[in-house]
Structures are given as structure tokens and as C-alpha cells.
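[1] With the sequence up front, the predicted model follows.
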Amino acid sequence: MSNVKHQLEQIAREHLHIPTLKCQNSDGLDFHDVSVWAVQAALNAAYDAGAKDKSASLSHQFDRKLVSILDAVMDSDSPSFSTEQVEFLKDRLSFTPSTPTCTTEGE
């Protein structure tokens with residue numbers, strides 16, 4: 001199950017009291033009476049989860065860009081920073097390249 005699907009299932013359980021988002025092929029299991037405030041809470045939770053993921057992604061992109069700038073500075077003929085300063089900054093960024101992940105689900 002993808003992270004997004006997992007998050008949506010969790011939001012449905014917590015805010016809408018719907019145990020699963022999978023089709024059960026039963027009206028009694030597939031249709032639910034839900035209050036508008038519960039729908040609003042679920043939508044807010046989904047929005048916040050998306051904003052958090054976007055923020056983390058932008059932060060990671062910034063870290064990668066900053067590291068590439070620092071590398072370029074160190075490769076120049078007269079670097080503005082010492083090697084120790086650059087390494088200190090890289091350590092503080094906690095930069096780790098992302099590794100692609102594979103999924104067996106058809107998405």
C-alpha cells in the first residue's frame with residue numbers, strides 16, 4: 001500500500017469512522033452516514049498531510065541545491081570557504097541522497 005493510500009485510510013478511520021476505503025460490494029459497508037464536521041476534519045487532515053509532505057520535499061530540494069553550490073565553491077580556483085567549513089555545513093544539513101523505491105502495487 002502506498003504512503004498516500006495508507007494516510008487516507010488512517011484519516012478515514014480516525015475522522016469518518018470508516019474502517020476501510022476498499023469496495024466491499026455491499027451497500028451496508030460501502031455507504032456511510034457522516035457528519036459535515038467529520039468530513040471537514042478529514043479534509044483538513046488530508047490537506048495538512050499533503051502540506052507536510054510538500055514542505056519536506058522542498059526542504060530536501062533546498063538541501064541538495066545548497067550542497068551542490070558548496071561543492072561548486074570548493075571546486076573553484078579560490079574557494080570562499082575552507083574545506084572544514086563546507087564539511088561542517090554538509091553535516092548540519094544531514095544530506096542523504098534519496099533512493100528510488102519500487103512498489104509491486106499497480107498505481
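    Done, it's in. Source: prediction; values computed, not measured.

[2] check contacts around Ala41.
    Contact analysis of Ala41 by CB atoms under 8 Å, 6 or more residues apart in numbering lists His15. Bear in mind the C-beta positions are built from the backbone N, C-alpha and C, glycine included.

[3] if I look at it, how far off is Val34?
    10 Å (CB to CB, to the nearest Å).

[4] got it, and Asp27?
    From Asp27 to Val34 the distance is 15 Å (CB to CB).

[5] More neighbours: which of those two?
    Between Asp27 and Val34, counted using other CB atoms under 10 Å, the more crowded position is Val34 (14 against 7).

[6] Hmm, the more buried one is touching Gln40, no?
    No. Contact between Val34 and Gln40 fails when scored by CB atoms under 8 Å: they sit 10.3 Å apart.

[7] which stretches of this protein form helices?
    Ranges of helices in the chain, per DSSP state H, are 3-11, 27-30, 36-75, 83-93.

[8] State the pLDDT value of Ala38.
    Here, the pLDDT recorded for Ala38 equals 90.

[9] Ok, Ser55 next?
    68.

[10] for the one 5 residues further on, same thing?
    The confidence metric pLDDT takes the value 69 at His60.

[11] now His17
    So, for His17, pLDDT stands at 94.

[12] For Leu16, give me its contacts.
    With contact set as CB under 8 Å, 6+ apart, Leu16 has these partners: 32, 34, 38-39, 42.
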